[in-house]
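Colleague: all I have is the shape, not the residue letters:
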């Protein structure tokens, strides 16, 4: 069976600067994979190529066996995403935004699905409020509700809890873990919160200068590389990438 | 092509218009002012010019049709700019939406707003200045069709310019109708223009409309072949504009402009 996401030899340059340098990885069903690395490591570039909003220079992205370059619309219909830097339009209400994006993803029984998500993400009180007047945490919850509209088989989350308070972030992590455990989807997750990554991710990929430097279980990886915590390992990757090798 | 996804683009515009007086008023406010201004001017000209010639269908009717073209063009670009202003490109282009669906949604949104504008213009021109489009006979339909098609092409072209050169370049697109109008012969016969300008006019579909309009007002007939040529030209421009939009979109995919669009143009 095809993995939910299969990235093969993916590369992207901006002029002379190499953003992503021939990376390959998979995300399996029920799996939450953390994409980690310092700023500029290539995480967001990788996610953008996976979302089809950035064309790779070489390599392929397959979503459940569908080549993104060939079957873009069908492949993207299986995904959804939330990123801290892409709030939904502030001039539409929560309901209107979910309706518009529900139509874009051709969600069946959309009104019922929207009501479910409003309850799930504690947004019922904000249903008819414009997104622009919501707090950043509330906007993040709306983005996450939008990301779950089509019950994606590949969920891409770029720092999804960055603007959430600890209690809400914990609830969101729990919800996404449960979503992955249902066995219908894989999740690719970027975060700078190593505590969160250790709690949520089944596997992590450390990116540095556009290459995957390390890969493994976030609970075991630090000890395997002589570090006490995942955060120590992150700092080592950021400062001394040449001293580490892909495990 | 998915009807649902096209509908999503249209209903987004409906939501924005429904909740915002500042979006609804411009749809008809300036064209209403145009109708009143040109209405009184034509009424005045009728009193000082030689009797027998009616300036209302010649000038006010021409301005009405020209404003209809501008509304079609603005309808598309405004719908597109809503995505620019709300920094929504990443959300919509990371969805299954196809470019033909997106452009179709923009065009359908524009039809709705333009018909509203046309209705208001007709109301003012008819009630206040006794302009009737029936004076042009059945030719009013090809007149509107050619201007509609050309408005679509310029709207798509303008949207592509903004996609290519960044949010600040919206100021490229507002003056486009003003740049075209001297060549289009909206208010005067194309023969009035110098030779080189007439050459440009022949490439502009509206010129065929306004020449036809003046022929009818002068007691003659509009050339069906000329209007057909205008319509074919306009269809050609739609195809060119769409091709340009797709090329700009592909460039934006390669350079990462879509993903980083909110941060101005990257060059």
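Modeller: Nice, I can see it. Since the model is a prediction, treat every value here as computed from it, not as a measurement. Numbering: from 1, shown residues only, chains lettered A, B, ... in the order given.
Colleague: so which strand or helix has residue A:22?
Modeller: For residue A:22, the element it lies in under DSSP states H and E is strand A:17-27.
Colleague: C-terminal to that strand, which secondary structure element comes first?
Modeller: strand A:32-36.
Colleague: check the offset of that following strand from the chain's centre.
Modeller: Offset of strand A:32-36 from its chain centre (CA atoms, centre = their mean, to the nearest Å): 8 Å.
Colleague: tell me how many other residues crowd residue 140.
Modeller: Went with chain A since none was named. 25 (other CB atoms under 10 Å in any protein chain shown). Placement of C-beta: from N, CA and C, glycine included.
Colleague: chain B, not that one
Modeller: Counted with other CB under 10 Å, the neighbours of residue B:140 add up to 19.
Colleague: am I right that it is in contact with residue B:133?
Modeller: Yes: Residue B:140 sits in contact with residue B:133 when judged by CB atoms under 8 Å, with a separation of 4.7 Å.
Colleague: who in chain A is up against chain B?
Modeller: Counting by CB under 8 Å from any CB of the partner chain, chain A comes close to chain B at A:14, A:44-45, A:48, A:51-55, A:72-74, A:76-77, A:81, A:83, A:86-93, A:96, A:99-101, A:103-106, A:130, A:146.
Colleague: just the buried ones from these?
Modeller: For the residues of chain A next to chain B, a burial check counting by 16 or more other CB atoms under 10 Å in any protein chain shown picks out A:44-45, A:48, A:51-55, A:72-73, A:76-77, A:81, A:83, A:86-93, A:96, A:99-101, A:103-106, A:130, A:146.
Colleague: in strands only, show me these.
Modeller: Taking DSSP state E, the ones among these that sit in strands are A:81, A:83.
Colleague: list the ones among the residues of chain A next to chain B that fall in helices.
Modeller: If you go by DSSP state H, those have A:44-45, A:48, A:51, A:72-74, A:76, A:96, A:99-101, A:103-104, A:146 in helices.
Colleague: just give me the least confident of the residues you listed.
Modeller: The member of these with the lowest pLDDT is residue A:44, at 88.
Colleague: residues touching it, list them.
Modeller: A:83, A:158, A:190, B:259 (CB atoms under 8 Å, 6 or more residues apart in numbering or on different chains).
Colleague: list the contacts of residue A:28.
Modeller: Taking CB under 8 Å, 6+ apart, one finds A:3, A:4, A:186 in contact with residue A:28.
Colleague: let me redo that: residue A:95
Modeller: Contacts for residue A:95 (CB under 8 Å, 6+ apart) come out as A:114, A:118, A:127, A:128.
Colleague: nearest to residue A:201, of those residues?
Modeller: Closest approach to residue A:201 among the contacts of residue A:95 (CB to CB): residue A:118, at 27.8 Å.
Colleague: the closest one: neighbour count?
Modeller: 20.
Colleague: quick one, what contacts it?
Modeller: Residue A:118 neighbours (CB under 8 Å, 6+ apart): A:94, A:95, A:98, A:124, A:127, A:145.
Colleague: correct me if wrong: the first one contacts residue A:124.
Modeller: So that's residue A:94. No: with contact defined as CB under 8 Å, residue A:94 does not reach residue A:124; the gap is 9.4 Å.
Colleague: pick out whichever of these two has more residues nearby.
Modeller: residue A:94 (28 against 11).
Colleague: kindly provide the distance from the more buried one to chain B.
Modeller: 12 Å (CB to the nearest CB, to the nearest Å).
Colleague: list the contacts of that residue.
Modeller: A:118, A:123, A:126, A:127, A:128, A:129, A:131, A:134, A:142, A:145.
Colleague: which residue sits closest to the fifth one, ignoring its sequence neighbours?
Modeller: Spatial nearest neighbour of residue A:128, excluding adjacent residues (CB to CB, 6 or more residues apart in numbering or on different chains): residue A:93 at 5.1 Å.
Colleague: what sits against the residue lying closest to residue A:73 once chain neighbours are set aside?
Modeller: Take residue A:73 and drop its neighbours on the chain: the residue closest to it by CB to CB, 6+ apart is residue B:96, 4.4 Å away. Applying CB under 8 Å, 6+ apart, we find residue B:96 in contact with A:72, A:73, A:74, A:76, A:77, A:104, A:105, A:106, B:2, B:5.
Colleague: how about residue A:60, phi and psi?
Modeller: phi -130, psi 150 (degrees, to the nearest 10).
Colleague: how about the contacts made by it?
Modeller: Here residue A:60 is in contact with A:6, A:7, A:8, A:9, A:10, A:67, A:68, A:69 (CB under 8 Å, 6+ apart).
Colleague: which of these fall within strands?
Modeller: A:6, A:7, A:8, A:9, A:10, A:67.
Colleague: where exactly do the helices run in chain B?
Modeller: Using DSSP H, helices in chain B cover B:3-18, B:21-48, B:55, B:61-85, B:89-93, B:99-129, B:140-165, B:170-173, B:176-184, B:195-201, B:205-217, B:224-255.
Colleague: who touches stretch B:218-226?
Modeller: B:136, B:139, B:142, B:143, B:208, B:211, B:212, B:213, B:215, B:216.
Colleague: would you list those in JSON lines and tack on distance to chain A, pLDDT and neighbour count?
Modeller: Converted to JSON lines, the contacts of stretch B:218-226 look like this (distance: CB to the nearest CB, whole Å; pLDDT from 0 to 100; neighbours: other CB atoms under 10 Å in any protein chain shown):
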{"residue": "B:136", "distance to chain A": "40", "pLDDT": "84", "neighbour count": "20"}
{"residue": "B:139", "distance to chain A": "39", "pLDDT": "87", "neighbour count": "20"}
{"residue": "B:142", "distance to chain A": "35", "pLDDT": "92", "neighbour count": "20"}
{"residue": "B:143", "distance to chain A": "35", "pLDDT": "93", "neighbour count": "26"}
{"residue": "B:208", "distance to chain A": "38", "pLDDT": "96", "neighbour count": "29"}
{"residue": "B:211", "distance to chain A": "43", "pLDDT": "94", "neighbour count": "20"}
{"residue": "B:212", "distance to chain A": "41", "pLDDT": "93", "neighbour count": "23"}
{"residue": "B:213", "distance to chain A": "39", "pLDDT": "91", "neighbour count": "23"}
{"residue": "B:215", "distance to chain A": "46", "pLDDT": "91", "neighbour count": "16"}
{"residue": "B:216", "distance to chain A": "44", "pLDDT": "90", "neighbour count": "19"}
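Colleague: and the residues you listed, which is closest to residue B:244?
Modeller: residue B:208 (22.8 Å).
Colleague: I'd guessed that closest one sits against residue B:234; true?
Modeller: No: assessed by CB under 8 Å, residue B:208 is found out of contact with residue B:234, at 9.2 Å.
Colleague: so what sits against both of these two?
Modeller: With CB under 8 Å, 6+ apart, residue B:208 and residue B:234 have common neighbours residue B:146.
Colleague: what number of residues lie near the closest residue to residue A:2 other than its chain neighbours?
Modeller: In space, and not counting its chain neighbours, residue A:2 is closest to residue A:65: 3.6 Å by CB to CB, 6+ apart. Around residue A:65 there are 13 other residues, counting by other CB under 10 Å.
Colleague: touching, residue A:65 and residue A:4? I think so.
Modeller: No: with contact taken as CB under 8 Å, residue A:65 and residue A:4 are classed as non-touching, separated by 9.7 Å.
Colleague: count of residues packed around residue A:225?
Modeller: Residue A:225 has 18 nearby residues by other CB under 10 Å.
Colleague: and for the one 4 residues further on?
Modeller: Burial measure for residue A:229: 13 neighbouring residues, criterion other CB under 10 Å.
Colleague: report the spatially closest residue to it, excluding sequence-adjacent ones.
Modeller: Residue A:229 sits nearest to residue A:222 (CB to CB, 6+ apart), 5.6 Å away.
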